[in-house]
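K.L.:
3D, please:
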Amino acid sequence: MSAPVPTVSVVIATCDRLPLLRDALRSVAAQTLAPLEVRIAHDGGVPPPPELATQGPPPIVVIAVGAGCAAVARNRASAEARGEVLAFLDDDDRWLPDHLAGLAAAFRDPSVGFAWRDCAVVRERLEQGGARRELERRLIAHDWDAALMGRDDYLPPSAWGVRRSLFERLGGFDGSFRFSEDWDFALRAAALTAPRRVPGVTVEVRMRAAGNLSRDLGPERQACLDRLAARHGLAPIAPKTFWEVALAVAAAAGPGGRPARFGARRG
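P.N.:
Below you'll find the predicted structure:
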């Protein structure tokens, strides 16, 4: 007899981006498999309005963190989650409706501790009034490749599902990493469990054309990458935006396996 589909808690870290957060929550509400709950870690800036917690189903819990660190924010929200699987969503990303259904189905196999779905990396511009104008997108649909993952972090947290027992065993994200904490977590998870890809593009990773945190690097960003490389025995890592990572993954796939590229459209 097949194992039942596990319950899922959605974890969102946010920082003063209410219009984008509302968009992310709409994508959660549209899921064909309803999550058990949504836990939002508010990590600074203007707090979400109280009525946000009443906009479910699913039930929404807002937790004030204020640490200025995505790792700490996600850990705080995850610590109180009740689902058997944790599904992470950045506040500026979106899911397509069957994201959670496919992800949760993978965890019916008790050997699966870490799984992800394919994503489209979307370059967009925020227009006056908060409208999102899509400029270009590129697909990342690539199996687990340890060598590639040692150079480029092509698994965004918004694509992940993590069995809560594994998350707890790993101690969650390393809060000493202000940047690249997700990359570090994925590599640590892969040392304990075989990562499982669930094919199908169900995640939109949204990047603003005017800039992206991944490019606002500075010495602290590079220091985190240096620590990451030392911890996992990797070659020196050059910082990249996630758009540049998508291009690197396409190049790694080679001419015969290059991921599909989509033209511009409106989001």
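K.L.:
which helix of this protein spans the most residues?
P.N.:
The single longest helix within the chain, with elements called by DSSP state H, is helix 218-232.
K.L.:
now for the next helix or strand after that one, which elements pack on it?
P.N.:
Going down the chain from helix 218-232, the next helix or strand is helix 242-253, by DSSP states H and E. Taking 3 or more CB pairs under 8 Å, 6 or more residues apart in numbering; DSSP states H and E as the contact definition, the neighbouring helices and strands of helix 242-253 are strand 114-126, strand 132-140, strand 196-208. All C-beta spots, glycine's among them, are computed from the backbone N, C-alpha and C.
K.L.:
how about 10 Å then?
P.N.:
With contacts defined as 3 or more CB pairs under 10 Å, 6 or more residues apart in numbering; DSSP states H and E, the packing partners of helix 242-253 are strand 114-126, strand 132-140, helix 146-149, strand 196-208.
K.L.:
R94: which of the ones you listed is closest?
P.N.:
Proximity to R94, assessed across the helices and strands packed on helix 242-253 by CB to CB, is greatest for strand 196-208 (4.5 Å).
K.L.:
name the residues of that closest one that are buried.
P.N.:
When burial is assessed from 16 or more other CB atoms under 10 Å, strand 196-208 yields the following buried residues: R196, R197, V198, V201, T202, V203, E204, V205, R206, M207, R208.
K.L.:
go on, stretch 46-55?
P.N.:
Within stretch 46-55, the residues that qualify as buried are P48, L52, counting by 16+ other CB under 10 Å.
K.L.:
can you list contacts of it?
P.N.:
14-18, 21-22, 25-26, 29, 38, 40, 42, 59-62, 64, 66, 91 (CB atoms under 10 Å, 6 or more residues apart in numbering).
K.L.:
related to what we said a few turns ago, for the buried residues of strand 196-208, which one is nearest L126?
P.N.:
The nearest one, if we look at the buried residues of strand 196-208 relative to L126 and count by CB to CB, is R208, at 6.1 Å.
K.L.:
residues contacting the closest one?
P.N.:
For R208, the contacting residues are L20, D92, V122, R123, E124, R125, L126, R132, L135, by CB under 10 Å, 6+ apart.
K.L.:
correct me if wrong: the fourth one contacts E204.
P.N.:
No. Taking CB atoms under 10 Å as the contact criterion, R123 and E204 are not neighbours in contact, 11.1 Å apart.
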